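Participant: quick check, what structure comes out for this input:
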Amino acid sequence: MMMEYSVIVLDVNGEETTKVVKCALPAQSTVQDLKRTYAKKDAIYEPEQLKLCYKQESGNLRKYF
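Facilitator: Residues are numbered from 1 along each chain as shown. So this is what the prediction gives:
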């Protein structure tokens, strides 16, 4: 089963931009898998350079470095 994720890019001030990148990953994927997939699509940063935080459907905000 594949899960779809929407990555919203933040500007340098931490504000959301209008750039949204959609990624489909297997259900058991990790945040590192999402970083690798985004880095391939973005082609600017390496996965290790990215900082992601995400919001679960329940509304809880999680941060990963």
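
Participant: burial check on the closest residue to D11 other than its chain neighbours, number of neighbours?
Facilitator: Excluding its sequence neighbours, the residue lying closest to D11 (C-beta to C-beta, 6 or more residues apart in numbering) is T17, at 5.4 Å. Where you see a C-beta, it was placed from the backbone N, CA and C, and this is true even at glycine. T17 has 9 neighbours, counted by other C-beta atoms under 10 Å.

Participant: sec struct for T17, please.
Facilitator: Put simply, T17 is strand when judged by DSSP: H, G, I helix; E, B strand; the rest coil.

Participant: quick check: it vs T37, distance?
Facilitator: 19 Å (C-beta to C-beta, to the nearest Å).

Participant: one more: K51?
Facilitator: From K51 across to T37, the span is 16 Å (C-beta to C-beta).

Participant: neighbour count: these two, which is higher?
Facilitator: Counted by other C-beta under 10 Å, K51 and T37 do not tie: T37 has more neighbours, with 18 against 9.

Participant: what comes up buried for the host helix or strand of the more buried one?
Facilitator: Taking DSSP states H and E as the criterion, T37 maps to helix 31-42. Burial within helix 31-42, assessed by neighbour count using 16 or more other C-beta atoms under 10 Å, is assigned to 34-39.

Participant: so what's the gap between that helix and the chain middle?
Facilitator: Put simply, helix 31-42 sits 7 Å off its chain's centre (C-alpha atoms, centre = their mean, to the nearest Å).

Participant: which elements pack onto it?
Facilitator: Judged by 3 or more C-beta pairs under 8 Å, 6 or more residues apart in numbering; DSSP states H and E, the packing partners of helix 31-42 are strand 2-10, strand 16-26, strand 52-55.

Participant: extract the CA atoms of the first one and return them as CSV.
Facilitator: To tie it back to what came earlier, the one meant is strand 2-10. Taking C-alpha atoms only, strand 2-10 is exported to CSV below (Å, rounded to 0.1, in the frame of the first residue of the first chain):
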residue,chain,number,x,y,z
MET,A,2,1.3,3.4,-0.9
MET,A,3,0.9,6.6,1.1
GLU,A,4,0.9,10.0,-0.4
TYR,A,5,2.7,12.8,1.4
SER,A,6,2.6,16.6,0.6
VAL,A,7,5.9,18.4,1.4
ILE,A,8,5.3,22.1,1.9
VAL,A,9,8.5,24.2,1.5
LEU,A,10,9.3,26.8,4.1
